[in-house]
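Chemist: Structure, please.
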Amino acid sequence: MPQRANGRAGERQEPSVNRDEAGAGTVLMAGLALAMLLLLAVVLGLGQAAVAAAKAAKAADLAALSAADAYRGLTPGDPCDAAADVAARNGAVLTACSLGGDLSVLVEVSVGSPLPWPATGLARAGPPPDTVQPGSH
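Modeler: Sure thing, here's the model as predicted:
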């Protein structure tokens, strides 16, 4: 029988295992699984924040347009009441409404989100400001 380098002929060798490292792979995999779950939670949180921000921006735009129409007399009612109504129909709360002397309206809305803070949207509607000149970009 041929002789092995580290043993006698025909003798089985014990694998070289350090008993202090037993179970280290399990701990490593549990740590990696936890890290992946945390990463998934962060990605889902960012996705929810993006959806809430888009919803707030849409509600603010529509509320500002509605308020500007009421301010110019195209629709009946108070401009800020119209903005609050449109914001509510789009799942938002009107937090600020200001009327400008140039028939413009500035509104701010807030949308609840699963995150600890609400998403806000700000929009202006009306004629362009006096600082904008025709043909300028």
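Chemist: What segments of this protein are helices?
Modeler: Under the criterion DSSP state H, helices of the chain are mapped to 24-71, 79-89.
Chemist: now, of the ones you listed, which is deepest in the fold?
Modeler: Comparing those by mean neighbour count (mean count of other Cβ atoms under 10 Å), helix 79-89 comes out on top with a mean of 21. Yep, even glycine has a C-beta here, placed from its N, CA and C like the rest.
Chemist: Ok, which of the helices of the chain comes nearest residue 114?
Modeler: Closest approach to residue 114 among the helices of the chain is made by helix 24-71 (5.4 Å; Cβ to Cβ).
Chemist: For the closest one, what does the pLDDT average out to?
Modeler: The pLDDT scores in helix 24-71 average 94.
Chemist: Return the list of helices and strands in contact with it.
Modeler: helix 79-89, strand 93-99, strand 105-111, strand 119-125 (3 or more Cβ pairs under 8 Å, 6 or more residues apart in numbering; DSSP states H and E).
Chemist: Which residue lies closest in space to the residue positioned nearest the centre of the chain, excluding its sequence neighbours?
Modeler: Most central in the chain under Cα atoms, centre = their mean is residue 49, positioned 1.6 Å from the mean C-alpha point. If the residues on either side of it in the chain are set aside, residue 49 comes closest to residue 115, at 5.8 Å by Cβ to Cβ, 6 or more residues apart in numbering.
Chemist: That neighbour against residue 52, yeah?
Modeler: Yes - the criterion here is Cβ atoms under 8 Å, and residue 115 meets it with residue 52 at 7.3 Å.
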